[in-house]
Each structure stands twice: as structure tokens, then as C-alpha cells.
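Novice: Prediction below, plus the sequence it came from.
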Amino acid sequence: MKLLFLNGPNLNMLGRREPEIYGHQTYADLEAFIRNVCAEHGVEATILQSNHEGALVDAIQQAWGIYDGIVINPAAYTHTSIAILDALKAVSLPAVEVHLSDISKREDFRKVSYAGMACQATFAGFGFAGYEKAVVFLKERLGK
């Protein structure tokens, strides 16, 4: 099984950005965590982080026919990007949304997730473990 992991804006700042919300682990720590989880589950992973909405849309569009599913943390684009929603709908790959923090318990504007409207599940507030929950969910959903 091949999964594409997409991480949106400012996740490259993990460890420095609002550690009281996002913790002290870095983006390199997150990448290592994802790779370890995928190795344990026999999943091939490609990981991309971008601060640019178009780069994330391009990656989603290019995933069709290559990946079995997408794990996406759209970060701030969660609440603003109809383009990411439309790209996820266009490729019709099983997708899971992940957020390190529990967006439902934060500012009101964070409670709307456009990307989540095209995802089969959302794991929010589990920190890095949300990515493992997404892998397990897609593995079970895809029967692989």
C-alpha cells in the first residue's frame, strides 16, 4: 500500500511554533514518526510539506494512479481552501484528515474544515499519533 502524506503551512515550524499547542517535537521528528509507523505497517510513504496551496493541490492531483490513499494535514488551509477540497474530490482517493491539535476546541474559525468534507475520517487532537490512526484506518478501509 502506498500513501501520500501532505502537510500544510507552518508545520515546518513545529517545535518553535506555539509549543503550548503543538508541542516541542520538530517537523523532522514528525517525518521520522510517519516513516516508522509506515514501516511497522508495511506501508510505503511519500511525505510532502508545503506552505503553498498550489503545491498541495498539484500533489493531490498527481497522486491519482500512484497512491492508494492520502493522509492530509492541511493546517491553516483546512479552514480556507476550497481548492484543496476540490482536488481531493477530483482524485477520489480515500483520504484522511489529521490535525495535531483538537481544532473543535479552538477558535471558532477553526471549526470548519473544507478538506475534511472530502475525507473519510478526521483524527484531531492526538498529536503525532493521529497519523498512525490515519494509517491504520486506511489500511483497514483498503483491506491491505
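Specialist: Received the coordinates, thanks. Residues are numbered from 1 along each chain as shown.

Novice: ok, the nearest residue to His52 once chain neighbours are set aside - contacts?
Specialist: The shortest distance from His52 to any residue other than its chain neighbours is 7.8 Å, reached at Pro9 (Cβ to Cβ, 6 or more residues apart in numbering). Heads up, the C-betas are built off the backbone N, CA and C, glycines and all. Shown in contact with Pro9 (Cβ atoms under 8 Å, 6 or more residues apart in numbering): 50-52, 75-77.

Novice: now with 10 Å?
Specialist: 49-53, 56, 74-77 (Cβ atoms under 10 Å, 6 or more residues apart in numbering).

Novice: Backbone dihedrals for it, please?
Specialist: Dihedral pair for Pro9: phi -60, psi 140, per degrees, to the nearest 10.

Novice: Ile66 too?
Specialist: According to degrees, to the nearest 10, Ile66 has phi -110, psi -40.

Novice: neighbours around it, how many?
Specialist: As a burial measure, Ile66 scores 10 neighbours (other Cβ atoms under 10 Å).

Novice: go on, His24?
Specialist: Neighbours of His24 using other Cβ under 10 Å come to 10.

Novice: can you pull the pLDDT of it?
Specialist: Each residue has a pLDDT score; the one for His24 is 83.

Novice: quick one, helices of this protein?
Specialist: 19-22, 27-40, 53-63, 82-91, 129-142 (DSSP state H).

Novice: Mean pLDDT lowest where, among these?
Specialist: Among the helices of the chain, helix 19-22 carries the lowest mean pLDDT (a mean of 74).
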